[in-house]
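**Student:** After the sequence you'll find the predicted model.
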Amino acid sequence: MDTLIRRIDLTRARGEDARQLLRREWLATNGLGGYASGTICGSVTWRYHGLLIAALPTPFGRMVMLNHLAEYIRFPDGRLVEIGGEERSQPQEAEYIGHFITEFRLENHLPVWRYEVEGIVLEKHVLFLYGQNTVHISYRLLSKHQDVSLQLRPSMHFRGHDQAVNDSAHAAYQFSVTGDQYEVMTNESVPRLRMVMRGDKAAFTYDGGTRREIFYQKEAERGYEARGSLWSPGFFTVNLHTRRDATLIASTEWWHTMLALTPEEALQFFHDRHRRLIASALLKNRADAAADLVLAADQFVITPAGRIQDAARAHAAGDEIRTVIAGYHWFTDWGRDTMISLEGLTLTTNRHTEAGWILRTFAYYIRDGLLPNMFPEGKNQGLYHTADATLWFFHALDRYVEVTKDLDTLRLILPKLVDIVEHHLNGTRFGIKVDPADGLLRQGAPGYQLTWMDAKVDDWVVTPRRGKAVEINGLWYNALKLLEAWQQALDDHKLAQRYSDLAMRAKVSFNSRFWHEKGKFLYDIVDGEEGDDCSCRPNQLLAFSLKHPILEKELWAPVLETVQQRLLTPVGLRTLSREHLDYKAKYFGDLRARDAAYHQGTVWAWLIGPFIDAWLKVHPEERSGARKFLEGFVSHLDAGCVGSINEIFDAEPPYTPRGCIAQAWSVAEVLRSWVKTEASNDDSKA
């Protein structure tokens with residue numbers, strides 16, 4: 001299979017709009033939750049940028065260990081020229097950014113840069129080893145020059161990746177040398193950063209340790225402390241020769257682990273693995289945008305570092321532990337995001353075994369009829385403040401069983417599903433309970449945001465949605481119907497009938513209560529704190545996009561038409577229609593301003609999945625028409641995090657990408673929808 005290449009000409013991009021280069025980023029991951037990331041022009045603009053953000057055991061979580069490399073070419077006449085994006089102490093000047101970088105590209109999602117400096121041409125790639133907190137930064141001279149050397153100054157600020165850039169918890173550094181092996185440590189218990197340089201006449205010059213203040217542009221834009229200092233012990237030098245690599249290896253692993261593979265071996269294994277991922281996925285065309293999304297999907301499926309008890313329990317059962325990172329940079333694994341993403345990330349990509357591991361891992365954590373909402377950074381126990389993650393679990397399990405026919409996993413988890421329903425009928429945490437008066441599921445507790453619209457700033461819950469939410473009841477009905485079918489298949493007809501009766505009662509009540517005749521769409525909430533809420537939101541799609549629609553069929557088309565006219569954009573769906581008083585067109589500013597817009601108009605990419613499911617329910621023969629709704633994501637693959645899809649977008653043109661630079665359910669739902677809308681052989685003949 002050929003190498004999958006996504007190429008960006010930075011000379012042309014810089015001429016069009018230099019400031020936009022600071023918004024285009026790259027991401028490399030290691031299958032543990034660790035990552036490396038930055039702008040494609042080499043500048044460091046916020047706290048999450050770095051060359052080694054290691055996924056460390058509890059209680060550390062993910063830590064920034066190697067922030068930056070200042071890169072210099074030494075010419076034969078002794079001149080030293082910095083070639084990469086500089087660490088800046090002042091706001092970036094757009095025309096100055098990365099002016100020697102002429103190209104950025106992804107090769108099977110390996111980030112590669114091309115530099116041209118006074119006739120000297122060289123390339124760099126950043127390879128994060130899968131399953132290790134080890135990064136290889138390799139340089140190759142492409143032009144035929146003699147007596148050219150490279151100087152690299154590593155800079156660091158050990159801190160949790162979500163901590164402020166001026167955090168001083170690990171400010172005192174020590175440096176040690178053993179042969180050609182170098183270590184940076186603090187007086188704390190934080191693991192050491194180990195470095196070694198591979199190449200011709202590689203050497204290190206220790207200059208006593210220097211500090212430099214830098215300015216983080218994006219932190220300033222987001223209302224956070226924007227100035228921090230980096231510490232450097234000195235610099236590496238290495239000679240460059242045509243077509244021969246020089247590689248800096250940095251790691252938090254033990255020496256024997258980080259040096260087990262040569263840079264050449266690591267690079268070959270990387271490309272082999274990524275080619276296998278593409279080859280095994282359910283793609284008709286392995287050269288289009290879907291192939292990029294398959295590799296992007298891989299970045300979210302991880303073995304969580306530090307969850308020792310989980311791993312031991314899984315191993316005892318003959319399993320491995322897997323989970324899903326909801327988004328890079330700051331999210332951990334979230335139950336809701338995992339269950340929505342499971343089909344696109346693992347089933348569409350033919351990673352069935354890992355899908356089973358994920359489901360069985362999460363099933364263990366069901367408590368009081370609830371799936372965990374999230375696992376906080378560096379913690380072993382989950383938080384359970386969610387009303388919908390548990391119901392999405394039924395959906396994910398159904399998709400898994402339908403694809404794999406794994407009835408053993410279904411039988412293993414089924415008692416937990418029965419327990420979930422009983423808890424919802426009798427009442428569980430956070431006011432989650434079926435109303436005995438009408439069979440609809442209500443939820444809500446003061447100070448909590450329990451649906452996917454979960455923005456909260458201090459004590460302000462932006463969209464509390466307490467009451468009977470439209471998507472919660474769509475999910476509840478779907479869960480009951482799935483459980484009915486599973487019990488029927490396992491010959492428990494009495495239980496199957498019980499769930500059928502519960503589902504029918506909910507459906508009758510839903511269709512009499514949720515239809516908003518004047519607006520020709522569904523109420524978002526009924527029996528809410530302020531009565532019935534007729535805000536036009538995308539949540540209503542889940543009333544008929546799921547396998548078992550709670551909404552009567554004659555209402556599908558008008559609801560779809562309303563959503564399409566008022567909420568659809570080229571990169572997903574708005575979370576609120578424009579005419580609402582709370583509508584926010586842009587997501588920007590400090591935390592309070594951003595969260596005020598988070599679900600009040602801001603576009604979410606993942607919602608395109610339910611929209612296309614609903615579209616195909618209404619127009620079952622029009623897959624080509626549904627595919628058109630995905631076209632906007634193709635150009636976006638070069639606009640935000642190259643090769644991936646952002647979490648959210650502004651609600652109006654130019655639909656600026658915002659939030660997490662790479663989001664699991666964004667990638668998963670676009671990939672799933674892409675495959676679902678591929679033309680069949682019969683379609684192509686027609």
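**Tutor:** That came through fine.
**Student:** Run through the strands of the stretch 251-400 of the chain in chain order.
**Tutor:** 301-302, 323-324, 327-328 (DSSP state E, counting those that start in this stretch).
**Student:** Just give me how far the first one sits from the chain centre.
**Tutor:** When C-alpha coordinates are averaged (C-alpha atoms, centre = their mean, to the nearest Å), strand 301-302 and its chain have centres 10 Å apart.
**Student:** Packing partners of that strand?
**Tutor:** strand 323-324 (3 or more C-beta pairs under 8 Å, 6 or more residues apart in numbering; DSSP states H and E). The C-beta positions use only the backbone N, C-alpha and C, and glycine is treated the same way.
**Student:** contacting residues for K456?
**Tutor:** The neighbours of K456, taking C-beta atoms under 8 Å, 6 or more residues apart in numbering as the test, are Q449, V462, D595.
**Student:** and E554, which of the strands of the stretch 251-400 of the chain is closest to it?
**Tutor:** Go through the strands of the stretch 251-400 of the chain one by one with C-beta to C-beta and the one that ends up closest to E554 is strand 323-324, at 37.1 Å.
**Student:** Out of the strands of the stretch 251-400 of the chain, which is the most enclosed?
**Tutor:** strand 323-324 (a mean of 26; mean count of other C-beta atoms under 10 Å).
**Student:** So in this protein, which strand runs the longest?
**Tutor:** When the chain is scanned for its longest strand (criterion: DSSP state E), the result is strand 200-215.
**Student:** Flag the shaky bits of this structure, pLDDT-wise.
**Tutor:** Where the chain drops to pLDDT under 70, the residues are 1, 13-19, 85-98, 378, 380, 680-686.
**Student:** looking at it, which residue lies furthest from center?
**Tutor:** D77 (46.7 Å; C-alpha atoms, centre = their mean).
**Student:** Report whether that residue is found in a helix, as I expect.
**Tutor:** No. Looking at D77 with DSSP: H, G, I helix; E, B strand; the rest coil, it is coil, so not inside a helix.
**Student:** Quick check: it vs L152, distance?
**Tutor:** 20 Å (C-beta to C-beta, to the nearest Å).
**Student:** And the helices in the stretch 101-250 of the chain, which stretches?
**Tutor:** Taking DSSP state H, counting those that start in this stretch, the helices of the stretch 101-250 of the chain run over residues 217-221.
**Student:** Relative to the longest strand of the chain, what are the paired strands and their orientations?
**Tutor:** Strands that pair with strand 200-215, judged by DSSP bridges, come out as strand 227-240 (antiparallel).
**Student:** residue ranges of the helices in the stretch 251-400 of the chain, please?
**Tutor:** Under DSSP H, counting those that start in this stretch, the stretch 251-400 of the chain gives helices at 255-258, 263-280, 289-298, 308-316, 335-342, 352-364, 389-404.
**Student:** With distance to H109 as new columns, can those helices be given to me in CSV?
**Tutor:** Formatted as CSV, these follow (distance: least, C-beta to C-beta, whole Å):
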stretch, distance to H109
helix 255-258, 22
helix 263-280, 6
helix 289-298, 4
helix 308-316, 27
helix 335-342, 18
helix 352-364, 18
helix 389-404, 25
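**Student:** from those helices, which stretch is densest packed?
**Tutor:** helix 335-342 (a mean of 28).
**Student:** Check the burial of the nearest residue to W476 once chain neighbours are set aside by counting its neighbours.
**Tutor:** Leaving aside its chain neighbours, W476 sits nearest to L441 (4.3 Å; criterion: C-beta to C-beta, 6 or more residues apart in numbering). L441: 25 surrounding residues under other C-beta atoms under 10 Å.
**Student:** what bridges to L441?
**Tutor:** Beta-bridge partners for L441, by DSSP bridges, are V434.
**Student:** so it makes contact with A479?
**Tutor:** No. At 9.5 Å, L441 and A479 do not qualify as touching, with contact defined as C-beta atoms under 8 Å.
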